[in-house]
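Colleague: Sharing a model that was predicted from the sequence below.
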Amino acid sequence: MTSPLSKASFSKAPASQAPVLQVKDLRVYYHTARGPVKAVDGVSFSLGPNMRLGLVGESGSGKSTMALALMRMIKPPGRIEGGQVLLGGQDLVKLSQDAMRSVRLDQIAMIPQGAMNSLNPVVRIRQQIVDGLRAHDPALSKQEIDTRVAEVLDWVDLDRSVANMYPHELSGGMKQRVCIAIAISLRPKVIIADEPTSALDVVIQRQVMETIGRVQEELGAAVILIGHDMGLMVQFVDRLAVMYGGKLAEMGDVRAMFRDPLHPYTQLLIKSLPKLDDKGELTGIPGVAPSLLNAPAGCLFHVRCPQAMAVCRTATPPLMEIHPQWQVACHLYDEVRTAAAPAQEGIR
């Protein structure tokens, strides 16, 4: 059996260039009587082992839909309309439901947003961990099960006695750690954490994120952290992807983006963070997010953008690499794209 996790620091692990997960032109639509709601519309990115990717954006930007799509847990009227999700060279979009069940938890797992709602209130913690283990390996003996349950509780710094408790006997932070234990019980390659610290106080938030960081480093897994907290992102992730209206607005190194964000939406998100020297003054983003049922033409952000130009109202900007490993979808950088085009043609 694997030894318990070491007490590694909260710092980020070095990212590898070899992708463990590749998302290509993923599209997820919710079909309604008035037409399709394009919750995720043509999103592409890749993730290497040990890499931590943060996915941020306002409510309704498509973050949680993205997580559910990667897990193949989209329910009607939602549907994956197209694209690929390649995990270890296997396209998850094309798998049958039975085949996908064998992949979940074993290769890709999710830490849910609300531990209170994701744990069964009338089932002991041990059984909730065992259910996932048994589903993937029914031949496990009782001794092997007991050893594995004790091990995963050790991994997340929970006393082994927690296995015999019910969820209502645990604090919010302990329940979230149980969810982490379930997610890592089969040592997956990719861990999706969907706002894992929501509704927790700041001290417990840090403890939960330290736990996720230690687990991720021990497993060598990739992590996708979904959330609204830009401060948490800059502390935890390697790369940051900003979503708006179901599309990627900008993606790059998290610290570089905080120093000099390129997209106007990213600039406003960072500017909206409270500062110690601006007591009592909060800066928000004017307007509201667009309807994904009747999205505006051109750039989805142009209605709220303080730097909008005429072209923004008619043409949708593609996500293009402006600097190495730094992509942005904005017409402000059309000249950079034009200058780079001849060089790209030469490479071909």
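Modeller: Nice, I can see it. Bear in mind the structure is a predicted one, so any value in this text is a computation, not a measurement.
Colleague: Run through the strands of the stretch 51-200 of the chain in chain order.
Modeller: Secondary structure of the stretch 51-200 of the chain (DSSP state E, counting those that start in this stretch): strands at 52-56, 78-87, 90-91, 108-111, 190-194.
Colleague: For E169, which of those is the nearest?
Modeller: Proximity to E169 (Cβ to Cβ) singles out strand 108-111 among the strands of the stretch 51-200 of the chain, at 20.6 Å. Every C-beta, even on glycine, is put in place using the N, C-alpha and C of the backbone.
Colleague: And the residue lying closest to S64 once chain neighbours are set aside, how far from A181?
Modeller: The shortest distance from S64 to any non-neighbouring residue, by Cβ to Cβ, 6 or more residues apart in numbering, is to D194 (6.0 Å). Using Cβ to Cβ, to the nearest Å, D194 is found at 16 Å from A181.
Colleague: Y244 pairs with what?
Modeller: Here Y244 shows beta-bridge partners K247, assigned using DSSP bridges.
Colleague: contacting residues around it?
Modeller: By Cβ atoms under 8 Å, 6 or more residues apart in numbering, Y244 lies in contact with G57, E58, S61, Y265, A289, L300, F301.
Colleague: one more time with 6 Å
Modeller: Contacts here follow Cβ atoms under 6 Å, 6 or more residues apart in numbering; on that basis Y244 touches G57, S61, Y265, F301.
Colleague: Could I get those in a markdown table, plus columns for pLDDT?
Modeller: A markdown table is the format used below for the contacts of Y244 (pLDDT from 0 to 100):
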| residue | pLDDT |
| --- | --- |
| G57 | 90 |
| S61 | 91 |
| Y265 | 95 |
| F301 | 95 |
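Colleague: before we move on, back to that, between the strands of the stretch 51-200 of the chain, which one is nearest to P261?
Modeller: strand 52-56 (11.6 Å).
Colleague: Who are the packing partners of that closest one?
Modeller: Packing partners of strand 52-56 (3 or more Cβ pairs under 6 Å, 6 or more residues apart in numbering; DSSP states H and E): strand 222-227, strand 239-244.
Colleague: Output those strands in CSV; the columns should cover distance to T65.
Modeller: Converted to CSV, the helices and strands packed on strand 52-56 look like this (distance: least, Cβ to Cβ, whole Å):
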stretch, distance to T65
strand 222-227, 10
strand 239-244, 10
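Colleague: of all those strands, which lies closest to Q22?
Modeller: strand 222-227 (11.1 Å).
Colleague: Okay, buried residues for the very next helix or strand once past the closest one please.
Modeller: Using DSSP states H and E, the helix or strand that follows strand 222-227 towards the C-terminus is helix 230-236. Under the neighbour-count criterion of 16 or more other Cβ atoms under 10 Å, helix 230-236 has M230, L232, M233, V234, F236 buried.
Colleague: what comes into contact with helix 230-236?
Modeller: Against helix 230-236 from outside (Cβ under 6 Å, 6+ apart): G54, M209, L240, V254, F258, L273.
Colleague: how near is the closest residue to the fourth one other than its chain neighbours to F45?
Modeller: Closest residue in space to V254, ignoring its immediate chain neighbours: L240 at 4.2 Å, by Cβ to Cβ, 6+ apart. As for L240, its distance to F45 is 11 Å (criterion: Cβ to Cβ).
Colleague: So which of these two has more stuff around it?
Modeller: L240 (25 against 20; other Cβ atoms under 10 Å).
Colleague: and that one, what is it in contact with?
Modeller: Counted by Cβ under 6 Å, 6+ apart, L240 has contacts G54, M233, V254, M257.
Colleague: hmm, try it at 10 Å
Modeller: 52-56, 225, 230, 233-234, 250-258, 261, 266 (Cβ atoms under 10 Å, 6 or more residues apart in numbering).
Colleague: cool, P286 as well?
Modeller: P286 sits in contact with L268, V303, R304, C305, P306, where contact means Cβ under 10 Å, 6+ apart.
Colleague: would a markdown table of those residues with secondary structure and neighbour count be doable?
Modeller: Below are the contacts of P286 laid out as a markdown table (DSSP: H, G, I helix; E, B strand; the rest coil; neighbours: other Cβ atoms under 10 Å):
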| residue | secondary structure | neighbour count |
| --- | --- | --- |
| L268 | helix | 18 |
| V303 | coil | 16 |
| R304 | coil | 17 |
| C305 | coil | 22 |
| P306 | coil | 9 |
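Colleague: Output the residues you listed as JSON lines; include the columns distance to P112 and pLDDT.
Modeller: Shown next, in JSON lines, are the contacts of P286 (distance: Cβ to Cβ, whole Å; pLDDT from 0 to 100):
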{"residue": "L268", "distance to P112": "29", "pLDDT": "92"}
{"residue": "V303", "distance to P112": "33", "pLDDT": "93"}
{"residue": "R304", "distance to P112": "31", "pLDDT": "93"}
{"residue": "C305", "distance to P112": "34", "pLDDT": "94"}
{"residue": "P306", "distance to P112": "37", "pLDDT": "93"}
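Colleague: Now the two most distant members of those residues.
Modeller: Spatial extent of the contacts of P286 (Cβ to Cβ) is set by the pair L268 and V303 at 13.1 Å.
Colleague: before we move on, back to that, I'd like to know how far the residue nearest to V254 sits from Q325.
Modeller: 12 Å.
Colleague: and for the two, which residues touch both?
Modeller: With Cβ under 10 Å, 6+ apart, L240 and Q325 have common neighbours M251, G252, D253, A256.
Colleague: Just list the residues touching S118, thanks.
Modeller: M110, I111, P112, Q128, P167, K175, Q176, V178, C179, I182.
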